[in-house]
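A.B. asks: I'll drop the sequence and a predicted model, then ask my questions.
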Amino acid sequence: MGLAVKIQDLRKSFGGFEALKGVNFEVDEAEIFGLIGPNGAGKTTTLRILGTLIRPTSGQAEVFGHDVVKDANAVRVILSYLPEDAGAYQYLNGEEYLRFMAGFYAHEKTALEEMVQAGRDISGLGDRLRDRVNDYSRGMKRRLLIARALMIKPKLTILDEPTSGLDVIQAYHVRGMIKDYAKRMGVTMLVSSHNMLEVEYLCDRVALINEGVIIAEGTPTQIKTRYNAVNLEQAFMEATQLG
Ligand SMILES: Nc1ncnc2c1ncn2[C@@H]1O[C@H](COP(=O)(O)OP(=O)(O)OP(=O)(O)O)[C@@H](O)[C@H]1O
Ligand SMILES: [Mg+2]
């Protein structure tokens, strides 16, 4: 297995404020990796750099060996990025939306139909795909957007807070669809969350980030053992010495 993501001493300043203060972590191919931390920790900033939306102030980030700054186009081809505040076109129905988005990636009819079918299956929305996105609940919209991100079979999928704002049931479905798809397709996922308990279920390995610094990295079990904690939340408090 190769390396999907390699981040070395990544720094990002906004004006005089240093949001990332030398971030290091690696994601292996075919794993679900969680970037976990509280509000303002630097999760979205890290993911936006990997997604080639913003440039780092210094340091390196590579996606399957491609530098996100020097080789941004190569990165864009193999990566699917779902921003935390993503929306879908409200006036389309779910099916039309998947078809519209597939059109950017599939250039002949069979491939397009396969992609749309994959999107339908992943979404699990069934007949509701014929309803306008405008009438979807927040959870249904999120499922549609995640299906859109996954149906193109990216080498790396980045999901920023895929379950934020969802109730327990919808969050459960969304986690299920992510895990099921990842394990079935053997794809690599980088998922951010401030919910430290959900990532124990979802992620093979996690990095805890706080104030722009990675404070722990490993499997949830390794991290809990290291801090003698019953869950990742407690480990986080210990690691930041807030506990
Ligand atoms: N464009 C920007 N201009 C100025 N400051 C920014 C900008 N983007 C992010 N920041 C700051 O950088 C820090 C990290 O923000 P970031 O969005 O990466 O956090 P986060 O971990 O994703 O938090 P959340 O859980 O709330 O989404 C915050 O203090 C934020 O205010
Ligand atoms: Mg964020």
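C.D. replies: Ah, there it is. Ligands and ions are numbered 1, 2, ... in the order given.
A.B. asks: next one: the one helix or strand residue 223 maps to to chain centre, how far?
C.D. replies: Using DSSP states H and E, residue 223 sits within helix 220-226. Centre-to-centre, helix 220-226 and its host chain are 22 Å apart (CA atoms, centre = their mean, to the nearest Å).
A.B. asks: residues touching that helix, excluding its own?
C.D. replies: 199-200, 203, 206, 208, 216-218, 229-232, 234-235, 239 (CB atoms under 8 Å, 6 or more residues apart in numbering). C-beta: built from backbone N, CA, C; applies to glycine.
A.B. asks: read off the pLDDT value for residue 243.
C.D. replies: Residue 243 is assigned 51 on the pLDDT scale.
A.B. asks: do residue 185 as well
C.D. replies: At residue 185, the pLDDT value in this model is 86.
A.B. asks: pLDDT of stretch 145-156, averaged?
C.D. replies: 94.
A.B. asks: next one: stretch 19-38
C.D. replies: 96.
A.B. asks: does it come close to ligand 2?
C.D. replies: No: judged by CB under 5 Å from the ion, stretch 19-38 stays clear of ligand 2, getting no closer than 9.1 Å.
A.B. asks: may I see the buried residues of that stretch?
C.D. replies: 19-20, 23, 25, 27, 30-37 (16 or more other CB atoms under 10 Å).
A.B. asks: quick one: that stretch to chain centroid distance?
C.D. replies: For stretch 19-38, the separation from the chain centroid amounts to 10 Å (computed by CA atoms, centre = their mean).
A.B. asks: got the buried residues for the host helix or strand of residue 96?
C.D. replies: Assigned by DSSP H and E, residue 96 falls within helix 94-102. By 16+ other CB under 10 Å, the buried positions in helix 94-102 come out as 94, 95, 96, 97, 98, 99, 101, 102.
A.B. asks: ditto for stretch 195-209
C.D. replies: 195-196, 198-200, 202-209.
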